[in-house]
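1. Pasting a predicted model and its sequence here:
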Amino acid sequence: MLQKANKQLLCKITFWVNGLCVLFFINALMTDMFGVRNTISRSTTDSMLLSTTNSNSSSATNKRSAKDSKPSLAVDARSPTDTKPSLTKNVRAPTDAQSPTDTKHSLATDTFSRRNKTTHIAFLKVHKAGSTTIQNMLFRFGMKHHLNIILPFSNNQLKTKAKEMPITAGQHNDIFALHTTYNKDFFDSLLPADYVNIGIVREPLSRMISAAYYHRDVYQVKYLRQVPRANFIHNLVNYPEKYDRVIFSQTRNTMARDFGFSAKWEQTDEKTIKKYLDELNSQFLFVMIMEKIDESLVFLRRLLNWSLADILYLKTNEHKHAPVILNKTEQAKLRRTSSFDFDIYEYFTKIFNEKINGVSPDFWEEVTYFKELIQGVSKFCHDPKNLEAEGKLLEVKPTKWDNSFHVSSSDCKWMSMKELPFIEKLRNRHRRRHNLK
(Lines give C-alpha, C1' and ligand atoms only; values in the text may rest on other atoms or scores of the structure.)
Protein backbone atom coordinates (compact mmCIF):
# COMPACT_ATOMS: atom_id res chain seq x y z
CA MET A 1 0.00 0.00 0.00
CA LEU A 2 2.82 2.42 0.90
CA GLN A 3 4.58 1.72 -2.36
CA LYS A 4 1.36 2.33 -4.29
CA ALA A 5 0.76 5.64 -2.46
CA ASN A 6 4.31 6.76 -3.20
CA LYS A 7 3.79 6.04 -6.87
CA GLN A 8 0.55 8.07 -6.88
CA LEU A 9 2.28 10.97 -5.13
CA LEU A 10 5.17 10.83 -7.58
CA CYS A 11 2.72 10.91 -10.52
CA LYS A 12 0.96 13.97 -9.07
CA ILE A 13 4.27 15.80 -8.53
CA THR A 14 5.36 14.94 -12.08
CA PHE A 15 2.03 16.25 -13.43
CA TRP A 16 2.34 19.60 -11.59
CA VAL A 17 6.01 20.03 -12.56
CA ASN A 18 5.18 19.40 -16.22
CA GLY A 19 2.32 21.91 -15.96
CA LEU A 20 4.61 24.56 -14.51
CA CYS A 21 7.17 23.94 -17.25
CA VAL A 22 4.49 24.47 -19.89
CA LEU A 23 3.42 27.75 -18.24
CA PHE A 24 7.03 28.98 -18.07
CA PHE A 25 7.51 28.04 -21.73
CA ILE A 26 4.38 29.95 -22.81
CA ASN A 27 5.44 33.00 -20.78
CA ALA A 28 8.91 32.97 -22.31
CA LEU A 29 7.44 32.56 -25.78
CA MET A 30 5.12 35.54 -25.28
CA THR A 31 8.02 37.63 -24.03
CA ASP A 32 10.19 36.79 -27.05
CA MET A 33 7.41 37.36 -29.56
CA PHE A 34 5.81 40.51 -28.20
CA GLY A 35 8.12 42.02 -25.64
CA VAL A 36 5.33 41.55 -23.04
CA ARG A 37 6.14 40.29 -19.55
CA ASN A 38 3.40 39.80 -16.97
CA THR A 39 1.19 42.53 -18.48
CA ILE A 40 -2.58 42.39 -18.06
CA SER A 41 -4.79 44.09 -20.67
CA ARG A 42 -7.64 45.88 -18.91
CA SER A 43 -8.90 48.13 -21.73
CA THR A 44 -8.01 49.27 -25.21
CA THR A 45 -6.07 52.24 -23.86
CA ASP A 46 -4.43 50.23 -21.07
CA SER A 47 -3.16 47.69 -23.58
CA MET A 48 -1.61 50.51 -25.58
CA LEU A 49 -0.33 52.85 -22.89
CA LEU A 50 1.42 51.58 -19.82
CA SER A 51 1.02 53.36 -16.51
CA THR A 52 3.22 56.39 -15.94
CA THR A 53 6.50 55.68 -14.24
CA ASN A 54 9.55 57.51 -12.99
CA SER A 55 12.54 57.31 -15.33
CA ASN A 56 14.58 55.64 -12.56
CA SER A 57 12.27 52.63 -12.68
CA SER A 58 13.46 51.81 -16.19
CA SER A 59 17.15 51.70 -15.30
CA ALA A 60 17.11 47.95 -15.02
CA THR A 61 15.66 47.68 -18.49
CA ASN A 62 18.39 49.95 -19.82
CA LYS A 63 20.96 47.38 -18.70
CA ARG A 64 19.87 44.81 -21.27
CA SER A 65 22.59 43.05 -23.18
CA ALA A 66 23.63 44.73 -26.43
CA LYS A 67 22.90 41.41 -28.10
CA ASP A 68 19.19 41.75 -27.22
CA SER A 69 17.85 43.37 -30.38
CA LYS A 70 14.18 43.22 -29.38
CA PRO A 71 12.72 46.56 -28.27
CA SER A 72 11.72 47.11 -24.69
CA LEU A 73 8.35 48.57 -23.85
CA ALA A 74 9.60 52.13 -23.51
CA VAL A 75 13.35 52.40 -23.67
CA ASP A 76 15.44 53.76 -26.53
CA ALA A 77 17.32 50.83 -28.06
CA ARG A 78 20.16 53.10 -29.22
CA SER A 79 23.23 53.66 -27.13
CA PRO A 80 22.76 56.55 -24.63
CA THR A 81 25.77 58.25 -26.22
CA ASP A 82 24.29 58.05 -29.71
CA THR A 83 22.54 61.42 -30.02
CA LYS A 84 22.61 61.64 -33.80
CA PRO A 85 19.30 60.83 -35.51
CA SER A 86 19.19 57.78 -37.77
CA LEU A 87 18.57 59.79 -40.93
CA THR A 88 20.13 59.67 -44.35
CA LYS A 89 18.01 61.85 -46.62
CA ASN A 90 18.18 65.63 -46.49
CA VAL A 91 20.15 65.59 -43.25
CA ARG A 92 23.60 66.94 -42.57
CA ALA A 93 25.49 65.90 -39.46
CA PRO A 94 25.26 68.60 -36.76
CA THR A 95 28.18 70.96 -37.03
CA ASP A 96 27.67 72.51 -33.62
CA ALA A 97 27.37 71.20 -30.12
CA GLN A 98 23.86 70.39 -29.03
CA SER A 99 22.39 73.49 -27.48
CA PRO A 100 20.92 73.53 -23.96
CA THR A 101 17.52 73.92 -25.58
CA ASP A 102 18.07 70.79 -27.64
CA THR A 103 19.29 68.88 -24.60
CA LYS A 104 16.10 69.65 -22.70
CA HIS A 105 14.00 68.64 -25.66
CA SER A 106 13.64 64.87 -25.33
CA LEU A 107 10.41 64.40 -27.17
CA ALA A 108 9.28 60.83 -27.51
CA THR A 109 12.57 59.13 -28.29
CA ASP A 110 11.64 56.18 -30.49
CA THR A 111 13.44 52.92 -31.09
CA PHE A 112 12.24 52.39 -34.65
CA SER A 113 15.15 52.58 -37.08
CA ARG A 114 13.81 54.78 -39.89
CA ARG A 115 15.99 55.96 -42.71
CA ASN A 116 15.18 58.53 -45.36
CA LYS A 117 12.98 60.71 -43.20
CA THR A 118 11.95 63.81 -45.13
CA THR A 119 13.46 66.78 -43.32
CA HIS A 120 13.26 69.65 -45.82
CA ILE A 121 9.75 70.95 -45.31
CA ALA A 122 7.81 74.15 -45.92
CA PHE A 123 4.52 74.38 -44.05
CA LEU A 124 2.02 77.03 -45.14
CA LYS A 125 0.71 78.27 -41.80
CA VAL A 126 -2.88 79.20 -42.62
CA HIS A 127 -4.55 81.48 -40.06
CA LYS A 128 -6.97 79.84 -37.60
CA ALA A 129 -6.89 76.43 -39.26
CA GLY A 130 -5.10 74.37 -36.62
CA SER A 131 -1.79 75.52 -38.05
CA THR A 132 -0.18 76.49 -34.73
CA THR A 133 -0.51 72.87 -33.60
CA ILE A 134 1.27 71.67 -36.76
CA GLN A 135 3.88 74.41 -36.44
CA ASN A 136 4.64 73.26 -32.89
CA MET A 137 5.04 69.69 -34.18
CA LEU A 138 7.49 70.82 -36.88
CA PHE A 139 9.48 72.97 -34.46
CA ARG A 140 9.90 70.00 -32.13
CA PHE A 141 10.88 67.75 -35.02
CA GLY A 142 13.52 70.27 -36.08
CA MET A 143 14.95 70.48 -32.58
CA LYS A 144 14.95 66.72 -32.13
CA HIS A 145 16.92 66.19 -35.34
CA HIS A 146 19.23 69.21 -35.00
CA LEU A 147 17.83 70.97 -38.07
CA ASN A 148 18.00 74.61 -39.10
CA ILE A 149 14.60 76.23 -38.57
CA ILE A 150 13.88 79.41 -40.53
CA LEU A 151 13.16 82.34 -38.21
CA PRO A 152 12.47 86.08 -38.55
CA PHE A 153 14.45 88.66 -36.58
CA SER A 154 11.21 89.64 -34.87
CA ASN A 155 7.52 88.75 -34.79
CA ASN A 156 6.13 85.46 -36.08
CA GLN A 157 5.90 85.93 -39.83
CA LEU A 158 8.29 86.04 -42.76
CA LYS A 159 7.47 87.46 -46.18
CA THR A 160 10.92 88.59 -47.42
CA LYS A 161 14.40 87.10 -47.11
CA ALA A 162 15.62 90.41 -45.72
CA LYS A 163 13.80 89.62 -42.46
CA GLU A 164 15.32 86.13 -42.14
CA MET A 165 17.91 85.36 -39.47
CA PRO A 166 21.12 84.27 -41.25
CA ILE A 167 22.78 80.88 -40.88
CA THR A 168 26.42 79.79 -40.99
CA ALA A 169 27.99 79.89 -44.47
CA GLY A 170 27.88 76.50 -46.15
CA GLN A 171 24.79 75.33 -44.27
CA HIS A 172 21.18 75.30 -45.46
CA ASN A 173 17.72 75.70 -43.99
CA ASP A 174 15.53 72.70 -43.27
CA ILE A 175 12.16 73.75 -41.81
CA PHE A 176 9.93 76.71 -42.67
CA ALA A 177 6.72 77.01 -40.62
CA LEU A 178 5.86 80.69 -40.20
CA HIS A 179 2.96 82.88 -41.24
CA THR A 180 3.52 84.05 -44.80
CA THR A 181 1.84 84.36 -48.19
CA TYR A 182 2.58 81.47 -50.50
CA ASN A 183 4.83 82.26 -53.42
CA LYS A 184 6.72 79.45 -55.10
CA ASP A 185 9.76 81.56 -55.98
CA PHE A 186 10.02 82.83 -52.40
CA PHE A 187 9.74 79.34 -50.94
CA ASP A 188 12.31 78.04 -53.45
CA SER A 189 14.75 80.71 -52.26
CA LEU A 190 14.48 79.57 -48.64
CA LEU A 191 15.03 75.82 -48.83
CA PRO A 192 17.05 73.17 -50.70
CA ALA A 193 15.72 71.99 -54.05
CA ASP A 194 14.27 68.76 -52.66
CA TYR A 195 11.99 70.40 -50.08
CA VAL A 196 8.28 69.54 -49.95
CA ASN A 197 5.28 71.79 -49.33
CA ILE A 198 2.53 70.85 -46.92
CA GLY A 199 -0.50 72.91 -45.96
CA ILE A 200 -3.78 72.81 -44.06
CA VAL A 201 -7.32 74.06 -44.66
CA ARG A 202 -10.42 74.37 -42.50
CA GLU A 203 -14.16 74.51 -43.17
CA PRO A 204 -14.65 78.21 -44.05
CA LEU A 205 -17.63 79.03 -41.83
CA SER A 206 -16.09 77.61 -38.65
CA ARG A 207 -12.74 79.20 -39.55
CA MET A 208 -14.35 82.62 -40.02
CA ILE A 209 -16.23 82.45 -36.72
CA SER A 210 -13.10 81.37 -34.84
CA ALA A 211 -10.99 84.08 -36.50
CA ALA A 212 -13.55 86.82 -35.83
CA TYR A 213 -13.66 86.20 -32.08
CA TYR A 214 -9.93 85.58 -31.83
CA HIS A 215 -8.80 88.72 -33.66
CA ARG A 216 -11.40 90.86 -31.94
CA ASP A 217 -10.66 89.63 -28.40
CA VAL A 218 -6.93 88.87 -28.53
CA TYR A 219 -5.51 91.31 -31.09
CA GLN A 220 -8.21 93.99 -30.82
CA VAL A 221 -8.45 94.32 -34.61
CA LYS A 222 -10.09 97.66 -35.34
CA TYR A 223 -12.70 96.70 -37.95
CA LEU A 224 -13.92 93.81 -35.79
CA ARG A 225 -14.23 96.00 -32.70
CA GLN A 226 -16.57 98.25 -34.70
CA VAL A 227 -19.05 95.42 -35.20
CA PRO A 228 -21.75 95.44 -32.46
CA ARG A 229 -21.05 92.71 -29.91
CA ALA A 230 -24.70 91.72 -29.85
CA ASN A 231 -25.22 89.35 -32.80
CA PHE A 232 -21.53 89.85 -33.62
CA ILE A 233 -21.13 87.15 -36.28
CA HIS A 234 -24.57 87.74 -37.77
CA ASN A 235 -23.78 91.44 -38.27
CA LEU A 236 -20.42 90.60 -39.82
CA VAL A 237 -22.00 88.18 -42.30
CA ASN A 238 -25.13 90.17 -43.14
CA TYR A 239 -23.46 93.55 -43.60
CA PRO A 240 -20.05 93.00 -45.24
CA GLU A 241 -20.37 96.29 -47.13
CA LYS A 242 -20.37 98.02 -43.74
CA TYR A 243 -18.02 95.92 -41.59
CA ASP A 244 -15.89 93.71 -43.88
CA ARG A 245 -15.49 95.52 -47.19
CA VAL A 246 -12.12 94.28 -48.53
CA ILE A 247 -11.83 91.01 -50.44
CA PHE A 248 -9.05 89.69 -48.14
CA SER A 249 -9.29 90.18 -44.37
CA GLN A 250 -8.96 88.17 -41.18
CA THR A 251 -12.56 87.01 -41.68
CA ARG A 252 -12.95 87.03 -45.45
CA ASN A 253 -11.05 84.80 -47.91
CA THR A 254 -8.17 84.43 -45.44
CA MET A 255 -7.12 81.00 -46.66
CA ALA A 256 -7.09 82.28 -50.24
CA ARG A 257 -4.82 85.15 -49.24
CA ASP A 258 -2.44 82.77 -47.45
CA PHE A 259 -2.35 80.44 -50.48
CA GLY A 260 -1.42 83.34 -52.77
CA PHE A 261 -4.69 84.17 -54.51
CA SER A 262 -4.72 87.56 -56.24
CA ALA A 263 -7.05 90.36 -55.13
CA LYS A 264 -7.39 91.24 -58.84
CA TRP A 265 -9.23 88.00 -59.62
CA GLU A 266 -12.99 87.95 -59.82
CA GLN A 267 -14.53 85.45 -57.42
CA THR A 268 -16.72 84.25 -60.27
CA ASP A 269 -13.77 83.53 -62.60
CA GLU A 270 -13.94 79.74 -62.31
CA LYS A 271 -11.35 79.10 -65.03
CA THR A 272 -8.62 81.19 -63.37
CA ILE A 273 -9.41 79.77 -59.94
CA LYS A 274 -9.34 76.16 -61.13
CA LYS A 275 -6.07 76.70 -62.99
CA TYR A 276 -4.39 78.13 -59.88
CA LEU A 277 -5.76 75.39 -57.62
CA ASP A 278 -4.33 72.78 -60.00
CA GLU A 279 -0.96 74.57 -59.82
CA LEU A 280 -1.08 74.50 -56.02
CA ASN A 281 -1.93 70.82 -56.03
CA SER A 282 1.10 70.11 -58.23
CA GLN A 283 3.36 72.12 -55.89
CA PHE A 284 2.10 70.76 -52.54
CA LEU A 285 2.90 67.24 -51.45
CA PHE A 286 -0.14 67.20 -49.17
CA VAL A 287 -2.78 69.58 -47.83
CA MET A 288 -4.26 68.47 -44.53
CA ILE A 289 -7.89 68.92 -43.49
CA MET A 290 -8.32 70.32 -39.99
CA GLU A 291 -11.58 68.43 -39.44
CA LYS A 292 -9.66 65.23 -40.24
CA ILE A 293 -6.48 66.13 -38.38
CA ASP A 294 -5.66 62.63 -37.10
CA GLU A 295 -6.24 61.02 -40.50
CA SER A 296 -4.18 63.81 -42.04
CA LEU A 297 -1.26 63.30 -39.66
CA VAL A 298 -1.16 59.53 -40.09
CA PHE A 299 -1.19 59.97 -43.87
CA LEU A 300 1.51 62.66 -43.60
CA ARG A 301 3.60 60.41 -41.35
CA ARG A 302 3.61 57.76 -44.04
CA LEU A 303 4.46 60.26 -46.78
CA LEU A 304 7.39 61.69 -44.83
CA ASN A 305 8.49 58.32 -43.40
CA TRP A 306 8.27 59.72 -39.88
CA SER A 307 7.56 57.86 -36.65
CA LEU A 308 4.43 58.09 -34.51
CA ALA A 309 6.56 59.92 -31.94
CA ASP A 310 7.16 62.65 -34.52
CA ILE A 311 3.46 63.49 -34.97
CA LEU A 312 2.31 63.66 -31.35
CA TYR A 313 0.50 66.87 -30.47
CA LEU A 314 -1.58 68.77 -27.96
CA LYS A 315 -4.15 71.26 -29.20
CA THR A 316 -2.82 74.81 -28.98
CA ASN A 317 -4.02 78.38 -29.58
CA GLU A 318 -7.67 77.59 -28.93
CA HIS A 319 -9.95 80.56 -28.20
CA LYS A 320 -13.30 79.71 -26.64
CA HIS A 321 -16.43 81.56 -27.69
CA ALA A 322 -20.18 81.14 -27.68
CA PRO A 323 -21.60 78.80 -30.34
CA VAL A 324 -23.00 80.48 -33.45
CA ILE A 325 -25.60 79.11 -35.86
CA LEU A 326 -26.25 80.84 -39.17
CA ASN A 327 -29.46 80.37 -41.10
CA LYS A 328 -29.41 79.23 -44.73
CA THR A 329 -29.65 82.77 -46.08
CA GLU A 330 -26.62 83.86 -44.03
CA GLN A 331 -24.65 80.79 -45.06
CA ALA A 332 -25.35 81.54 -48.72
CA LYS A 333 -24.27 85.15 -48.26
CA LEU A 334 -21.00 84.12 -46.61
CA ARG A 335 -20.37 81.72 -49.46
CA ARG A 336 -20.71 84.57 -51.96
CA THR A 337 -18.48 87.03 -50.10
CA SER A 338 -15.81 84.39 -49.23
CA SER A 339 -16.13 82.14 -52.25
CA PHE A 340 -12.35 81.84 -52.69
CA ASP A 341 -12.09 80.11 -49.32
CA PHE A 342 -14.91 77.72 -50.16
CA ASP A 343 -13.22 76.95 -53.50
CA ILE A 344 -9.94 76.09 -51.75
CA TYR A 345 -11.56 74.00 -49.03
CA GLU A 346 -13.76 71.99 -51.38
CA TYR A 347 -10.93 71.44 -53.86
CA PHE A 348 -8.44 70.09 -51.31
CA THR A 349 -11.08 68.13 -49.44
CA LYS A 350 -11.82 66.30 -52.68
CA ILE A 351 -8.10 65.66 -53.24
CA PHE A 352 -7.75 64.46 -49.65
CA ASN A 353 -10.65 62.02 -49.99
CA GLU A 354 -9.26 60.68 -53.25
CA LYS A 355 -5.89 60.04 -51.60
CA ILE A 356 -7.21 58.17 -48.59
CA ASN A 357 -9.95 56.24 -50.39
CA GLY A 358 -7.36 53.90 -51.88
CA VAL A 359 -5.48 53.15 -48.67
CA SER A 360 -5.39 49.72 -47.06
CA PRO A 361 -7.41 48.80 -43.93
CA ASP A 362 -4.13 49.04 -42.05
CA PHE A 363 -4.30 52.83 -42.43
CA TRP A 364 -7.62 53.03 -40.62
CA GLU A 365 -6.34 50.73 -37.89
CA GLU A 366 -3.44 53.10 -37.37
CA VAL A 367 -5.78 56.12 -37.27
CA THR A 368 -7.87 54.45 -34.56
CA TYR A 369 -4.73 53.64 -32.59
CA PHE A 370 -3.36 57.18 -33.06
CA LYS A 371 -6.58 58.77 -31.77
CA GLU A 372 -6.32 56.64 -28.60
CA LEU A 373 -2.64 57.47 -28.29
CA ILE A 374 -3.35 61.21 -28.48
CA GLN A 375 -6.03 60.83 -25.79
CA GLY A 376 -3.51 59.06 -23.56
CA VAL A 377 -0.85 61.71 -24.16
CA SER A 378 -3.35 64.50 -23.48
CA LYS A 379 -4.46 62.87 -20.24
CA PHE A 380 -0.85 62.43 -19.13
CA CYS A 381 0.16 65.97 -20.04
CA HIS A 382 -2.83 67.62 -18.38
CA ASP A 383 -2.26 65.88 -15.06
CA PRO A 384 -0.50 68.44 -12.80
CA LYS A 385 1.18 65.64 -10.84
CA ASN A 386 3.02 64.50 -13.96
CA LEU A 387 4.20 68.00 -14.83
CA GLU A 388 5.50 68.67 -11.32
CA ALA A 389 7.39 65.39 -10.93
CA GLU A 390 10.89 65.08 -12.37
CA GLY A 391 11.49 62.03 -14.54
CA LYS A 392 7.83 61.13 -14.96
CA LEU A 393 7.29 59.14 -18.15
CA LEU A 394 4.39 57.89 -20.22
CA GLU A 395 5.56 54.63 -21.72
CA VAL A 396 4.09 53.58 -25.08
CA LYS A 397 4.23 49.96 -26.14
CA PRO A 398 5.52 48.81 -29.52
CA THR A 399 3.02 48.32 -32.35
CA LYS A 400 3.22 47.13 -35.93
CA TRP A 401 3.59 50.79 -36.97
CA ASP A 402 6.32 51.77 -34.54
CA ASN A 403 8.51 50.50 -31.75
CA SER A 404 8.25 51.64 -28.17
CA PHE A 405 8.87 55.20 -27.07
CA HIS A 406 8.13 57.41 -24.11
CA VAL A 407 6.76 60.88 -23.48
CA SER A 408 8.17 62.92 -20.59
CA SER A 409 6.79 65.83 -18.60
CA SER A 410 9.34 68.00 -20.43
CA ASP A 411 7.81 66.93 -23.75
CA CYS A 412 4.39 68.02 -22.48
CA LYS A 413 5.72 71.51 -21.78
CA TRP A 414 7.12 71.79 -25.30
CA MET A 415 3.91 70.50 -26.88
CA SER A 416 1.79 73.02 -24.95
CA MET A 417 4.13 75.99 -25.46
CA LYS A 418 2.54 78.99 -27.15
CA GLU A 419 3.82 80.17 -30.51
CA LEU A 420 5.60 83.43 -29.58
CA PRO A 421 7.54 82.06 -26.56
CA PHE A 422 8.50 79.01 -28.64
CA ILE A 423 9.82 81.19 -31.47
CA GLU A 424 11.81 83.26 -28.99
CA LYS A 425 13.44 80.12 -27.59
CA LEU A 426 14.24 79.04 -31.13
CA ARG A 427 15.84 82.42 -31.80
CA ASN A 428 18.14 81.93 -28.80
CA ARG A 429 18.97 78.45 -30.07
CA HIS A 430 19.61 79.90 -33.55
CA ARG A 431 22.00 82.54 -32.20
CA ARG A 432 24.04 79.90 -30.39
CA ARG A 433 24.13 77.54 -33.36
CA HIS A 434 25.27 80.24 -35.80
CA ASN A 435 27.28 82.50 -33.49
CA LEU A 436 24.96 85.47 -33.84
CA LYS A 437 24.81 88.33 -31.35
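-> Sure, I can see it.
2. so where's the stretch 201-350 of the chain uncertain?
-> Low-confidence segments of the stretch 201-350 of the chain (pLDDT under 70): 317.
3. and residue 395, what helix or strand is that in?
-> Remark: residue 395 resides in strand 392-396, with elements defined by DSSP states H and E.
4. now residue 432
-> Assigning secondary structure by DSSP H and E places residue 432 in helix 419-433.
5. cool, residue 267 as well?
-> Since the elements are taken from DSSP H and E, residue 267 ends up inside neither a helix nor a strand.
6. Tell me which residues touch the nearest residue to it once chain neighbours are set aside, please.
-> Taking C-beta to C-beta, 6 or more residues apart in numbering, and ignoring the residues beside it in sequence, residue 267 has residue 339 as its nearest neighbour in space, at 4.4 Å. For every residue, glycine as well, the C-beta is placed using N, CA and C. With contact taken as C-beta atoms under 8 Å, 6 or more residues apart in numbering, residue 339 is in contact with 253, 267, 268.
7. Just the buried ones among the residues you listed, please.
-> With burial judged by 16 or more other C-beta atoms under 10 Å, the buried subset of the contacts of residue 339 is 253, 267.
8. List just the nearest of the contacts of residue 339 to residue 198.
-> Taking C-beta to C-beta as the measure, residue 198 lies nearest residue 253 of the contacts of residue 339, at 21.3 Å.
9. Would you check how far apart the closest one and residue 181 are?
-> 13 Å (C-beta to C-beta, to the nearest Å).
10. same check, this time on residue 347
-> Taking C-beta to C-beta as the measure, residue 347 and residue 181 are separated by 18 Å.
11. and stretch 354-366, how far apart are its ends?
-> Using C-alpha to C-alpha, to the nearest Å, the gap from the first to the last residue of stretch 354-366 comes to 19 Å.
12. got a list of contacts for it?
-> Stretch 354-366 is contacted from outside by 286, 295, 298, 299, 302, 400, 401, using C-beta under 8 Å, 6+ apart.
13. any idea which of those has the most stuff around it?
-> For the contacts of stretch 354-366, neighbours were counted by other C-beta atoms under 10 Å; the highest total belongs to residue 298, with 25 neighbours.
14. Was I right to think that one contacts residue 370?
-> Yes - with contact taken as C-beta atoms under 8 Å, residue 298 and residue 370 are classed as touching, separated by 5.4 Å.
15. all helices of the stretch 101-250 of the chain, in order?
-> Taking DSSP state H, counting those that start in this stretch as the test, the helices found in the stretch 101-250 of the chain are 131-144, 184-190, 204-217, 222-225, 232-238, 240-243.
16. would TSV of the ones you listed with mean neighbour count and distance to residue 198 be doable?
-> Converted to TSV, those look like this (neighbours: other C-beta atoms under 10 Å; distance: least, C-beta to C-beta, whole Å):
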stretch	mean neighbour count	distance to residue 198
helix 131-144	23	8
helix 184-190	13	12
helix 204-217	22	18
helix 222-225	15	30
helix 232-238	20	30
helix 240-243	14	32
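17. Would you format those as a markdown table with distance to residue 384 included?
-> Below are those laid out as a markdown table (distance: least, C-beta to C-beta, whole Å):
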| stretch | distance to residue 384 |
| --- | --- |
| helix 131-144 | 21 |
| helix 184-190 | 40 |
| helix 204-217 | 27 |
| helix 222-225 | 35 |
| helix 232-238 | 35 |
| helix 240-243 | 42 |
